[in-house]
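heads up, no residue letters with this:
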């Protein structure tokens with residue numbers, strides 16, 4: 001088994017280290033980097049809170065499909081999970097037109113209610129105000145010191161200007177990254 005392992009590794013190394021012959025165009029591997037027109041996804045840094053995100057998205061004339069990935073914790077007691085869940089699920093902007101799903105649970109170790117909502121139609125200022133009020137009523141705090149807890153904003157920019165907007169968004173000091181929404185084809189096992 002070890003011999004087979006080393007033979008495969010040496011063969012792979014030999015293939016990788018071979019020089020590419022420029023005359024052999026058929027052997028080139030080309031990647032088709034297609035992306036969804038108008039889609040640009042921006043991730044803010046963890047410290048950038050939702051009220052600032054609202055100001056940020058309102059400063060552009062772009063549609064925002066949704067904001068996701070922010071972790072919130074509630075100061076309400078753990079037995080209030082059902083109340084928190086039902087309060088949020090009734091909001092029209094916490095679903096995408098029928099999908100009334102978001103993650104809400106009581107953390108096993110800390111016994112703290114934790115939620116990860118998705119905010120749709122959040123460019124609407126009434127929805128923004130309502131979410132800020134909901135945070136207050138449910139005593140929600142944004143987790144700002146966890147690397148994975150940040151806002152992901154799904155923008156729709158003018159078609160043909162996606163790469164330009166990625167560069168513009170990346171210049172903001174509170175933006176962790178900005179990316180195109182690439183299309184990746186997955187070949188299933190036969």
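That came in fine, so what should we check first? Since the structure is predicted, the reported quantities are computational estimates derived from the model, not experimental observations.

phi, psi for the residue nearest the centre of the chain please.
Central residue of the chain (C-alpha atoms, centre = their mean): residue 152, 4.1 Å from the mean position. With angles defined as degrees, to the nearest 10, residue 152 sits at phi -110, psi 120.

ok, and the closest non-adjacent residue to it?
Closest residue in space to residue 152, ignoring its immediate chain neighbours: residue 69 at 4.5 Å, by C-beta to C-beta, 6 or more residues apart in numbering. Using the backbone N, CA and C atoms, a C-beta is placed for each residue, glycine as well.

can I assume that neighbour is in contact with residue 150?
Yes. Counting by C-beta atoms under 8 Å, residue 69 does reach residue 150; the two are 6.1 Å apart.

which neighbours do the two share?
Common contacts of residue 69 and residue 150 (C-beta atoms under 8 Å, 6 or more residues apart in numbering): residue 43.

and the residue nearest to the centre of the chain, what are its bridge partners?
Bridge pairing for residue 152 (DSSP bridges) gives the partners residue 43, residue 68.

report pLDDT for it.
For residue 152, the model assigns a pLDDT of 96.

Three-state assignment for residue 41, please.
With DSSP: H, G, I helix; E, B strand; the rest coil as the basis, residue 41 sits in strand.

how much space between it and residue 90?
28 Å (C-beta to C-beta, to the nearest Å).

before we move on, back to that, ok, now how distant is the residue nearest to residue 152 from residue 175?
According to C-beta to C-beta, residue 69 and residue 175 sit 14 Å apart.

compare the two (neighbour count), which wins?
residue 175 (18 against 15; other C-beta atoms under 10 Å).

show the contacting residues for that one.
For residue 175, counting by C-beta under 8 Å, 6+ apart, the contacting residues are 42, 43, 44, 45, 169.

pairing partners for the one helix or strand residue 73 maps to, with directions?
Using DSSP states H and E, the element containing residue 73 is strand 72-74. Here strand 72-74 has these sheet partners by DSSP bridges: strand 113-116 (antiparallel), strand 140-142 (antiparallel).

centre of the chain versus that strand, how much separation?
Put simply, strand 72-74 sits 19 Å off its chain's centre (C-alpha atoms, centre = their mean, to the nearest Å).

now do that strand, average pLDDT.
For strand 72-74, the per-residue pLDDT averages 96.

likewise for stretch 133-148?
Per-residue scores along stretch 133-148 average to 92.

got a list of what the closest residue to residue 169 other than its chain neighbours touches?
Using C-beta to C-beta, 6+ apart and skipping the chain neighbours, the partner closest in space to residue 169 is residue 178 (3.7 Å). By C-beta under 8 Å, 6+ apart, the residues touching residue 178 are 40, 41, 42, 43, 165, 166, 167, 169, 170.
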